[in-house]
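Task: produce atomic coordinates for the following.
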Amino acid sequence: MAGMVVIWRMTGGLANDERCASTLRLCSKLGTTAHTANDSVLAVTWRRERGEFPHSGTLTKDKHGGCLLWVGQVLSDAGDASLQSIERQLASSEPLADVTDLNGPFVAAAIPAGTRKIVICNDRFGHYPLYHYQVGELNVVATHIELILQWMYEPTIDQDALNLYMRAGELLDGSTMIDGVRFIGGGSRICAGERCVNIDRWWQMRLVPRATISITEAAEGCGTLLRRAVHRMCAANERIGVPLSGGLDSRFLLGLCPDPSRVPSFTMGLSGCRDVRYAEQFAALVRSPHQTFIWEPGFFPPLWSEGVAATAGAFGIGDMFMLPYAARFAAGCDVTLNGLAGDAMLGGNFVKLKWLRADSIEALGRSTWAWRVSESANSRADQLLDGRAGRDLAVATWMSSLASDQSNSPSTRLVEWLFSNRVFRFTNCGTSLLRRHVESHAPFFDNEFVEWMSILPLSYRYKHRLYLKCILGACPAGAAVPWQRSRIKPAWGLIANLTSLAIQRAIGVVDRRVGTSFLSDAKVADPGSWLRSGPWAECARHILLSEACLDRGVFRADAVRSIMESHAFGRDETRTISRLVSIELFARQLKASSAQQRTGPPDVAG
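Have a look, this model is predicted:
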């Protein structure tokens, strides 16, 4: 994907640093570059030849010699408004001071002429990852973690982050897998002056539910605004495609396109699974040119290292389903509409009755920890980390993060927090993999749509009440094909779908107890089996049981061997092994980077 890196040392001396040349060489491997440099600042942006937004990865100079680096796309009802936004920011006496009305994914960096000032800003939701590293007077901000590593002398894994990740499978707030590197959340602005660097938030999700809005009005508003968002994206980009599953999110977006027959769709899954069957049915109904890709597990392992780099080591290889298939999407489109956050926005993913009724943040913290972290995950982490950083610390980190802002009621604060971390941070890693070959828009993160959702009562989302009502009204075609979760059509109504889900849960309990497989078509992928035999298993063993891994000391060698053996003999250790592989591959990348940088000392100038 297009990206940027900005390196600065305000007291100068940067022009003589050999790492500048190394940075330019790496950027040129990522795409066609444009850069500006002086004695104190090096700023580079790049873009691929295809599969980028028209103005993404560009550098524009003003008449005074200042410049603006731009990644992403701003949308208006007329289509692409990126160029107008770039020109407006360049003309402003305070560039990037007012970005509140910019709708779409973007990262921008402004370097005014004649000043020692740098301003870097991202969109509300942090569609593009952004990392910050500071040591002494040296600062590096980049969209790609590889560019940060270019400037680190001996990068090491953050043990507290590792502890939480091995238990919960994700990181929180600004933590990253690298000690000293900060993840910059959405709606942030970085301002660098003569001697200081300030990072603040210009936007944060705030839910202010209004009981006066009926669920019918809520559904009508959702449908209208989502359709408008999709139309804006289609107007701004000629070659649009949709990764299509058997769920509601992607079919909703495809069905809302002005002419679905001109929008190619792509489905991945196990042969005969519900996702494949129902996606093919929906594509045929709306006449979308459709391709089905049946999983080929051997495609994944050669690309794992690339996926780990793209997600900065914080995303297990077992979740990287887009990894080998985004390149195939690129044959049919340059930009995809992805269903990121649709089920969280409209569905009931983050809404449970006990959460809505909770009267304290502490109670919600305990409940969500139990929801995200199983006892087996805790036990495996205890074994692997040898007690160096235990579960008590991880729980304290979880609770502290959730309780850091109590400006809202416990239930609304919880949903805001889950979006900031679970969706904007973790789930968006899948989009980073997609963007390795094609650009991506997330209509459920349209500014107007999110603002509307923020005033709707949370209870409307419970058990997909709002979602089913919305799709019935705004996209009847989407309700006419079975939903992969319930196996029946959304058009049959809320009660019928809930009853079907309840019956399936009961059958699932019987399946697990007696070893039957009545619901085998529910499984869209099978990373557990892939890690037990075939190319995934062979590669995972080669990585985790290698001398380099076992001697590294990140995890206890005997625990790694035990987990691999346990999975081979039938116990499900998929999530743990998936995370272990990602961490080991990331550790190798850190070591390789450290070896490259040993020609120079750490930057502690000033």
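
low-confidence ranges in the stretch 351-500 of the chain?
When residues are selected by pLDDT under 70, those of the stretch 351-500 of the chain lie in 387-389.

Going along the chain, name the helices of it.
Using DSSP state H, counting those that start in this stretch, the helices of the stretch 351-500 of the chain run over 353-357, 361-372, 375-385, 391-403, 410-418, 429-434, 447-453, 465-474, 476-479, 494-514.

mind checking which of those is nearest Ala326?
Among the helices of the stretch 351-500 of the chain, the nearest to Ala326 by CB to CB is helix 429-434 (4.9 Å). Where you see a C-beta, it was placed from the backbone N, CA and C, and this is true even at glycine.

The closest one packs against which elements?
If you count contacts as 3 or more CB pairs under 8 Å, 6 or more residues apart in numbering; DSSP states H and E, helix 429-434 packs onto helix 304-310, helix 326-329.

Can you say which of these is packed in most?
Comparing the helices and strands packed on helix 429-434 by mean neighbour count (mean count of other CB atoms under 10 Å), helix 304-310 ranks first with a mean of 20.

Dead centre of the chain: give me the residue that sits there.
Asn428 (1.2 Å; CA atoms, centre = their mean).

check contacts around that one.
Gly126, His127, Pro129, Leu340 (CB atoms under 8 Å, 6 or more residues apart in numbering).

Which of those residues sits closest to Ile190?
Closest to Ile190, out of all of these and judged by CB to CB, is Gly126, at 12.9 Å.

these two touch, right, that closest one and Phe424?
Yes - Gly126 is in contact with Phe424 according to CB atoms under 8 Å; the separation is 5.2 Å.

Overlap in contacts, these two.
Joint contacts of Gly126 and Phe424 (CB under 8 Å, 6+ apart) are Gly185, Gly186.

and the longest helix for the protein?
Longest helix of the chain, by residue count under DSSP state H: helix 574-597.

Asp511: how many residues sit nearby?
16 (other CB atoms under 10 Å).

likewise Val510?
12.

Need the pLDDT of it.
Val510 carries a pLDDT score of 76 in this model.

Same question for the one 3 residues further on.
At Arg513, the model reports a pLDDT of 74.

Burial check on it, number of neighbours?
Arg513: 8 neighbours (other CB under 10 Å).

for Leu501, same thing?
Around Leu501 there are 17 residues (other CB under 10 Å).

Spit out the contact partners of it.
Taking CB under 8 Å, 6+ apart, one finds Arg485, Ser486 in contact with Leu501.

Please report how far it lies from Phe518.
15 Å (CB to CB, to the nearest Å).

same question, Ala312
Remark: distance between Ala312 and Phe518 (CB to CB) = 40 Å.

neighbour-wise, which of those two wins?
Each of Ala312 and Phe518 has its neighbours counted (other CB under 10 Å); Ala312 has more, 25 against 11.

rewinding a little: for the longest helix of the chain, name the packing helices and strands.
So helix 574-597, by 3+ CB pairs under 8 Å, 6+ apart, packs with helix 145-149, helix 159-168, helix 304-310, helix 375-385, helix 527-530, helix 535-544, helix 547-552, helix 557-568.

which of those helices sits most buried?
Highest mean neighbour count of these: helix 145-149, a mean of 24 (counted as mean count of other CB under 10 Å).

list the helices and strands it packs on?
Where contact means 3+ CB pairs under 8 Å, 6+ apart, helix 145-149 is packed against helix 18-30, strand 131-135, strand 138-142, helix 574-597.

Next, the angle from the least confident helix or strand in the chain by mean pLDDT to helix 465-474.
Least confident helix or strand, the chain: helix 494-514 with a mean of 86, by mean pLDDT, DSSP states H and E. Helix 494-514 and helix 465-474 are oriented at 130 degrees to each other (axes from the mean of the first three to the mean of the last three CA atoms, to 10 degrees).

any weak-confidence spans in the protein?
Looking at the chain by pLDDT under 70, you get 387-389, 512, 515-517, 595-606.

Can you give me the domain boundaries for the chain?
As given by automatic domain parsing, the domain ranges for the chain are 3-203, 215-340+428-481, 355-398, 527-588.

Please state the offset of the shortest one from the chain centre?
The reference is to domain 355-398. 22 Å (CA atoms, centre = their mean, to the nearest Å).

And that domain, end to end?
The straight-line separation of the ends of domain 355-398 (CA to CA, to the nearest Å) is 16 Å.

do stretch 568-580 as well
Note: stretch 568-580 ends 15 Å apart using CA to CA.

what does stretch 482-494 give?
Across stretch 482-494, first to last residue, CA to CA, it's 13 Å.

Would you mind pulling the contact partners of that stretch?
The contact list for stretch 482-494 (CB under 8 Å, 6+ apart) reads 245-248, 274-275, 278, 281, 463-465, 468-469, 471-472, 476, 478-481, 496-497, 500-501, 504, 522, 524.
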